[in-house]
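J.: Fold the following.
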Amino acid sequence: MSTAATTVSTTDPRDGRTAPTDLTETSAAEVAQLTRAAATAAPALEAFGRVGRARLLRAMAERVEIDLEELVAAAL
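T.: Okay, here's the model as predicted:
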């Protein structure tokens, strides 16, 4: 397995231009670690039930709306 970081590029869907980003590709080991963390969190999320998970998603959406301008600026 290579330890060299792979830089991720982005493509503008409007015109097809490709540009570099400051992001790096996620390694297989990182994906495995994140998968284990998600599997560990799953029972707690399941315990919220549908209503609790819906409330959580709404709260997350509200937070995105609050920070929308900053998020859009960061994405450009």
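J.: The strand ranked longest in the chain pairs with which strands, parallel or anti?
T.: Identified as the longest strand of the chain according to DSSP state E is strand 18-24. If you go by DSSP bridges, strand 18-24 pairs up with strand 7-11 (antiparallel).
J.: Burial check on Arg53, number of neighbours?
T.: 13 (other C-beta atoms under 10 Å). (Glycine included, C-beta is placed from N, CA and C.)
J.: quick one: the strand or helix carrying it to strand 18-24, angle?
T.: Following DSSP states H and E, one finds Arg53 within helix 28-66. Helix 28-66 and strand 18-24 meet at an angle of 110 degrees, taking axes from the mean of the first three to the mean of the last three C-alpha atoms, to 10 degrees as the criterion.
J.: hang on, the earlier thing: distance from the longest strand of the chain to the middle of the chain?
T.: 16 Å (C-alpha atoms, centre = their mean, to the nearest Å).
J.: Send me that strand as CSV with only the CA atoms.
T.: Provided in CSV are the C-alpha atoms of strand 18-24 (Å, rounded to 0.1, in the frame of the first residue of the first chain):
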residue,chain,number,x,y,z
THR,A,18,-10.7,20.6,-13.7
ALA,A,19,-9.0,22.3,-10.8
PRO,A,20,-6.9,21.0,-8.0
THR,A,21,-8.1,21.1,-4.4
ASP,A,22,-6.4,21.1,-1.0
LEU,A,23,-8.0,17.7,-0.4
THR,A,24,-6.3,14.3,-0.4
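J.: Which residues outside it are in contact with it?
T.: Strand 18-24 is contacted from outside by Ala5, Thr6, Thr7, Val8, Ser9, Thr10, Thr11, Asp12, using C-beta atoms under 8 Å, 6 or more residues apart in numbering.
J.: gap between Phe48 and Ala59?
T.: Going from Phe48 to Ala59 by C-beta to C-beta, to the nearest Å gives 12 Å.
J.: And Ser27, by the same measure?
T.: Ser27 is 31 Å from Ala59, by C-beta to C-beta.
J.: what about these two, which has more around it?
T.: A count of neighbours by other C-beta under 10 Å puts Ser27 above the other of Ser27 and Ala59, at 14 against 10.
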